[in-house]
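**Student:** sharing a model that was predicted from the sequence below.
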Amino acid sequence: MVHAFIFGPLAITVRYWEEHDEEVEGGARIELRRVEPVIGEKDRPGAAGWRVGAISQAAIWRCDLLTVISRPGNEVRYHHHPQFEDGDVGPRVFDPGLTADPIEWTIGRLADLPALLTRAGAADLIGQVDLTAVEASLPVIRAATRSCLEQMPLVPPLAAPLAPPAQVFAA
């Protein structure tokens with residue numbers, strides 16, 4: 001499930017995410033993306049709504065609350081991407097505060113949205129976003145983030161299927 005909170009030209013999305021690489025990481029992904037309105041005359045008669053832009057063109061900021069789930073140990077890799085450049089997230093940035101309290105660290109950044117947008121290079125959106133509505137939505141965003149973290153598998157996924165049990169014969 002993806003939770004999307006649209007505040008005019010800005011979307012805050014929260015979803016469960018798995019990153020499959022040498023190891024599998026799973027957890028919550030929180031993103032800020034640009035949004036454009038869909039208006040009937042521009043698109044099709046009668047259409048109205050919002051279009052959340054693709055990562056490559058509309059991403060502003062990302063926070064990944066990921067844990068290694070492909071092996072035991074619950075190694076956390078909580079990080080954020082403070083700026084996107086040329087449609088890419090750039091390197092992971094680790095912060096001790098994020099590791100210590102990931103949900104509250106993330107909500108704290110969203111609570112100071114003007115500073116977050118400024119650091120991310122999207123200060124042009126500040127005057128267009130209803131900051132009171134964002135603040136009122138923070139408890140729901142917090143709950144959505146917690147819900148995504150609760151979706152992580154309890155048992156690490158297996159790299160290969162289990163072999164059938166060996167047959168044992170009594171002599």
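**Tutor:** It's in.

**Student:** now do Arg15 against Asp64, distance only.
**Tutor:** Plainly put, Arg15 is 11 Å away from Asp64 if you go by Cβ to Cβ, to the nearest Å. Heads up, the C-betas are built off the backbone N, CA and C, glycines and all.

**Student:** overlap in contacts of those two?
**Tutor:** 28-29 (Cβ atoms under 8 Å, 6 or more residues apart in numbering).

**Student:** tell me which of these two has more neighbours.
**Tutor:** More crowded of Arg15 and Asp64, by other Cβ atoms under 10 Å: Asp64, with 22 against 17.

**Student:** what is the mean pLDDT for the lengthiest helix in the chain?
**Tutor:** Looking across the chain with DSSP state H, the single longest helix is helix 131-149. Mean pLDDT, helix 131-149: 97.

**Student:** what's the answer for stretch 113-123, then?
**Tutor:** Mean predicted confidence for stretch 113-123 is 96.

**Student:** hmm, who's touching it?
**Tutor:** Under Cβ under 8 Å, 6+ apart, the answer for stretch 113-123 is 10, 32, 34, 60-61, 82-84, 109-110, 125-126, 129, 131, 134.

**Student:** contacting residues for the residue lying closest to Glu25 once chain neighbours are set aside?
**Tutor:** Nearest non-adjacent residue to Glu25, counting by Cβ to Cβ, 6 or more residues apart in numbering: Leu66, 3.9 Å away. Contacts for Leu66 were tallied using Cβ under 8 Å, 6+ apart; they are 17, 19, 25-27, 76-79.

**Student:** by contact count, what packs against the helix or strand of the chain with the lowest mean pLDDT?
**Tutor:** When the helices and strands of the chain are scored by mean pLDDT, DSSP states H and E, strand 48-52 comes last with a mean of 76. Secondary-structure packing of strand 48-52 (3 or more Cβ pairs under 8 Å, 6 or more residues apart in numbering; DSSP states H and E): strand 2-7, strand 10-20, strand 24-39.
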